[in-house]
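Visitor: here is a sequence with its predicted model. Questions after.
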Amino acid sequence: MHPLSVGRFPHGLLFFALLFVGFGSAQRIPAAVVVSPNTTRTCATGPASFPTIELDCKHHLEYVGQFNAEGTFSPLGHHRGWYNETPSNAGFSDSGKPLRRPAEVPAYVNLEPLEHVVQNYAPPVHASQLLSGKTKMAGWRDRVITAVYGHEQSLMAPQHLAMDSRGRLIITDPALPAVHVLDGKKSFRIAAGERRRLHNPNGVAVDANDNIYVVDSDLGLIEVYDPHGNFLRYIGKIDDESIFDYPTAIAIDRKNAHIYLLDSPRNVMLILDLHGTILKRVGRRSSDEVPVDFFYPSEIAVSADEVVVLDSAASRLQVFNLDGRLLRQINTYTSNTPGIPEAAVEMGLGIDTEGNIYLSNLRDSGVRVFDHDGKVLNSFGNRGTLVGQFDSPSGVWVEKDGLYIADTRNRRVEVFKIHSLGQELNKPVVAAAP
């Protein structure tokens, strides 16, 4: 285990660490990271590795940095080679469960997580105030131990992603369970689980006012929180019953204020307004206005004028206009044997401003990129811990020219810049960091 991860710290290095490790604080996300482009460009011919790869003759990706397990953004350092960059994770227990803190640190020690917690208890449960605070000696002790071991880890198994208008990255983390809102020193998480309003966070989306919409698959509801994590309302709840079966994924068209929700076992896509009124049902049941065959649709993404659905059991993408009319289908089969298609195990789905589609794959820990018409432009990534590598990548989010990929088993979110090759190549490219 890496000696500076949240694992067993070598006791012989404790004194050295106390001398040379300063007391940490939450890291500000940098406004920009400057990277230099290649002076010549060639069209992509197959899988490539980072820090820069070509997608096609018009686009390339540049690695920018990562949100690590502590929830802070780490840009690619110019003083280190990209191949030395490794994730900051806390390791896993023998049962495979991610660890938040080392076993040798007592539970009463506060490792000072960089997020504050918004509890959102379900009534009639409510938070109670502690009768006494921490002594100065205990606070000093906690700061010293945090300096040695690092902050308590925030990201356990990041999955679905969204970004609001403030540039805050929002992540569902069912392994914790929680929803993280990463915003430097102002980061927080909405706690989920027993006695909370939120039980099992799955898909997530944000409206034009930065309200957060979280799909709770266990409760069969959408839960809406304000930008500060305070509960606002349920969508899909009538008395104590839910009108959804097992919703999984959500997307919001912020311009038209429409919600697109997948109720996977029912093989239906619902179009709703922000208050939860169902405007249209897309599926094959008799009550569905738009007849479309789904086979357990699991992921959804929306662009300026289209909605893309990953119809996972059928291993295809179905592309709709914003009114739910089917426009085209894209096969996503992979094959190990010529002539014998094999269904891919895909999860993350995103669309860039030019209609290119990014699809992550749990089996090979890679990402494939399709153009607007379904042609495969390229693929990148493989299993590993270096930059541009993944271990079970799940959620994908595209914000303008930024690509965010939830690297679930590595407990991080990797960030890439999408470049157009129409840019001037004699000038350095500024890759905006989140």
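Guide: Sure, I can see it.

Visitor: which stretches of the stretch 1-150 of the chain have low pLDDT?
Guide: Scanning the stretch 1-150 of the chain for pLDDT under 70 picks out the ranges 1-50, 77-101, 125-133, 150.

Visitor: how many neighbouring residues does Leu182 have?
Guide: Counted with other Cβ atoms under 10 Å, the neighbours of Leu182 add up to 26. Placement of C-beta: from N, CA and C, glycine included.

Visitor: average pLDDT across the one helix or strand it maps to?
Guide: Element membership for Leu182, per DSSP states H and E: strand 178-182. Strand 178-182 comes out with an average pLDDT of 97.

Visitor: neighbouring contacts of it?
Guide: For strand 178-182, the external contacting residues (Cβ atoms under 8 Å, 6 or more residues apart in numbering) are 67, 71, 73, 115, 154-155, 158, 168-173, 187-192, 198, 201, 204, 212, 214, 225, 229.

Visitor: let's see it at 6 Å
Guide: For strand 178-182, the external contacting residues (Cβ atoms under 6 Å, 6 or more residues apart in numbering) are 71, 168-173, 188-192, 201, 214.

Visitor: for the spatially closest residue to Asp391 that is not a sequence neighbour, what are phi and psi?
Guide: Counting by Cβ to Cβ, 6 or more residues apart in numbering, Arg409 is the residue found nearest to Asp391 once chain neighbours are left out, at 3.6 Å. With angles defined as degrees, to the nearest 10, Arg409 sits at phi -70, psi -20.

Visitor: so for Arg409, what's the pLDDT?
Guide: Arg409 is given a pLDDT of 92.

Visitor: ok, the contacts of strand 178-182 vs Leu55, which is closest?
Guide: For the contacts of strand 178-182, the minimum distance to Leu55 (Cβ to Cβ) is 22.7 Å, reached by Leu169.

Visitor: may I have the beta-bridge partners of that closest one?
Guide: Note on Leu169: beta-bridge partners by DSSP bridges are Met163, Leu182.

Visitor: number of residues surrounding it?
Guide: 26.

Visitor: any idea how far it lies from Val148?
Guide: Distance of Leu169 to Val148, given as Cβ to Cβ, to the nearest Å: 28 Å.

Visitor: hang on, the earlier thing: can I get the contacts of strand 178-182 in CSV with distance to Ala304?
Guide: Formatted as CSV, those follow (distance: Cβ to Cβ, whole Å):
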residue, distance to Ala304
Gly71, 31
Arg168, 22
Leu169, 21
Ile170, 21
Ile171, 24
Thr172, 24
Asp173, 29
Phe188, 30
Arg189, 31
Ile190, 29
Ala191, 35
Ala192, 32
Pro201, 27
Val214, 24
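
Visitor: what about the strands in the stretch 301-434 of the chain?
Guide: Assigned by DSSP state E, counting those that start in this stretch, the stretch 301-434 of the chain shows strands spanning 306-311, 316-321, 326-331, 334-337, 340-342, 346-351, 357-361, 366-370, 376-380, 393-399, 402-407, 412-420, 429-432.
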